[in-house]
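Student: predicted model and sequence below, questions to follow.
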Amino acid sequence: MDIKTRISELLRILSNDLFDRESIFELTFLALFTEQPVYIFGRSGSGKNIIAKRAIQMFRDINVLTFAKRYQEIPKNLEDYQIVFFQGFDSKNPLCNNFVNITIQEKSARSLIMTSKERPEASLAEAGIADQVLFILSLPEIYSVNSLQKLLKENFNINNIIAPVDLLITKEEQIEWLKKIQTVELSDDTLKMIGQIAECCNENQVYVSIQKWLAFSLIIKTIAFFNGRSQTNITDTFFLGTPIWIRKAQNETITTCFKNSLTQWLYNRFPLISNLEESLTQLKQEVEHAINSNGDVYETILFNNIECIQYSITVAGESIPLYTPAAYIGTNQEFNPFNELKQKEKRVICNFMGDNVCRISIDSSAKKTGLRATTNASFGKTFEPFAKLPARVLRINDEEKIKKNKVIIEELKQTLVSTIEKNASAMIEFKELYKEVKNNKNNLFLNTEYFNYLQEAIHTQFSKISEHIQILKSLQESLMQKK
């Protein structure tokens, strides 16, 4: 039996009937296997001690030092114990705090697990070990309706589950596997994801020690190893986006950051999608402009480094200059013109309606008080038609302009061909990425919420690109009909 099959079967047996707590059990095991401190918080009867004991049961013939309510003296042969278990950790007990600090400071190939009904932010701070505990695992206070009904209907005895001895991990195997895990390579995707979460922690003043980052990377490697890989991938990092941090606010912040990081990771893999909508809008505008263009030359000025047509409108007794990019002539695109401060005037909407006459609408409040009034901060409520201003024609059917239009059309045709090819290539790559991620569906320790989130994000972008290709092809057909 290979390692993945063996660990999978072991997890299946010992996580049976834990109802809505399987992921916490798995993280507890990973912490114990990699010899990292873990704190399980939960109210009385939430199952924290059952999870701890099940995780300990994954190992064969190990010495466990258990501290319960009555704290005995720490034995002199502390190094003989592979796991130290504080059941019902009490931070208000000086003896308990002393024991746990000694256990952490004098660590010698030992795993530390603490269960408590004290909230971790207060308990660990009082004990002075908040920065030294890898996982802070909080058990849910409720069971899902389906789990509760199953528990009551089938009358499970969750205390009496025993795994076959031949599946259990021996100390010798743990030492051997940990050596192999050290050789697992952290992929670029993994390092980038860790970097993005680290940036999120820095921005939100969440302190994470270098020891904890090293421990996280070891967990990531361990997940890859147990899945039979010599290199990590993006799915191995999913636990970083789960509630493993000390405070509730930190958990919420980092969970949000992790989802954003997954999206950013997708954008970094395919830079095309980051400006997909913007580039398509730009192309639609250019194609529409080229199709409706004629040989007329209009009076323009260079404003804000853009060729613009200048208009003056009178609003509330004030003459207001507006500057509309000439590229919009002949299109049906709505846009905000530039004002005299070289900013987009969002209280004005312009549209050439496919010709060279500019239809101007302004915010109803600005119509009364003027565009320069500071009282118009909340713009965009109701726009009303205000003026129609034709562009001033300097020359009709200018030969140079006609030639230029033809060149622009040919260039646009080439751009569309190139853009369609790039999008088609991206679709193929997205399809391969979807398969690549899907191959991890049966991975051990997989966070299904983030797995589904990533799969859906990839599928959504694939569909968007498919839609964009159809639009690009329709633009291509429109240009082909232009004589």
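Tutor: Thanks, I have it.

Student: quick one: the strands in this structure?
Tutor: Along the chain, counting by DSSP state E, strands occupy 38-41, 64-67, 83-87, 111-116, 135-138, 297-298, 301-303, 306-315, 318-325, 348-351, 357-363, 383-390, 393-395.

Student: shaky segments in the stretch 301-450 of the chain?
Tutor: 374-380 (pLDDT under 70).

Student: that older thread, columns mean neighbour count and distance to F225 on top of the strands of the chain, output as JSON lines?
Tutor: Using the backbone N, CA and C atoms, a C-beta is placed for each residue, glycine as well. As requested, the strands of the chain are exported to JSON lines (neighbours: other CB atoms under 10 Å; distance: least, CB to CB, whole Å):
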{"stretch": "strand 38-41", "mean neighbour count": "26", "distance to F225": "19"}
{"stretch": "strand 64-67", "mean neighbour count": "18", "distance to F225": "24"}
{"stretch": "strand 83-87", "mean neighbour count": "21", "distance to F225": "21"}
{"stretch": "strand 111-116", "mean neighbour count": "25", "distance to F225": "17"}
{"stretch": "strand 135-138", "mean neighbour count": "23", "distance to F225": "18"}
{"stretch": "strand 297-298", "mean neighbour count": "16", "distance to F225": "68"}
{"stretch": "strand 301-303", "mean neighbour count": "13", "distance to F225": "62"}
{"stretch": "strand 306-315", "mean neighbour count": "17", "distance to F225": "57"}
{"stretch": "strand 318-325", "mean neighbour count": "18", "distance to F225": "57"}
{"stretch": "strand 348-351", "mean neighbour count": "21", "distance to F225": "59"}
{"stretch": "strand 357-363", "mean neighbour count": "19", "distance to F225": "62"}
{"stretch": "strand 383-390", "mean neighbour count": "14", "distance to F225": "61"}
{"stretch": "strand 393-395", "mean neighbour count": "12", "distance to F225": "73"}
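
Student: kindly reformat the ones you listed as TSV and extend each row with distance to S209.
Tutor: As requested, these are arranged in TSV below (distance: least, CB to CB, whole Å):
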stretch	distance to S209
strand 38-41	15
strand 64-67	25
strand 83-87	21
strand 111-116	16
strand 135-138	14
strand 297-298	65
strand 301-303	54
strand 306-315	51
strand 318-325	53
strand 348-351	54
strand 357-363	53
strand 383-390	55
strand 393-395	70
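
Student: tell me which of those strands lies nearest to N251.
Tutor: Between N251 and those, the shortest gap by CB to CB is with strand 135-138, which sits at 8.2 Å.

Student: report the rounded mean pLDDT for the closest one.
Tutor: The pLDDT scores in strand 135-138 average 90.

Student: other SSEs contacting that strand?
Tutor: Using 3 or more CB pairs under 8 Å, 6 or more residues apart in numbering; DSSP states H and E as the contact test, the elements touching strand 135-138 are helix 22-33, strand 38-41, helix 120-127.

Student: so can I have JSON lines of those showing distance to T237 and mean pLDDT?
Tutor: Formatted as JSON lines, those follow (distance: least, CB to CB, whole Å; pLDDT from 0 to 100):
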{"stretch": "helix 22-33", "distance to T237": "13", "mean pLDDT": "94"}
{"stretch": "strand 38-41", "distance to T237": "18", "mean pLDDT": "94"}
{"stretch": "helix 120-127", "distance to T237": "22", "mean pLDDT": "90"}
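
Student: could you dump these to JSON lines with distance to F386?
Tutor: Formatted as JSON lines, these follow (distance: least, CB to CB, whole Å):
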{"stretch": "helix 22-33", "distance to F386": "59"}
{"stretch": "strand 38-41", "distance to F386": "62"}
{"stretch": "helix 120-127", "distance to F386": "58"}
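
Student: which one of those lies nearest to I246?
Tutor: Among the helices and strands packed on strand 135-138, helix 120-127 comes nearest to I246, with 5.1 Å by CB to CB.

Student: how far is that closest one from where the chain is centred?
Tutor: Computed by CA atoms, centre = their mean, to the nearest Å, the chain-centroid distance of helix 120-127 equals 29 Å.
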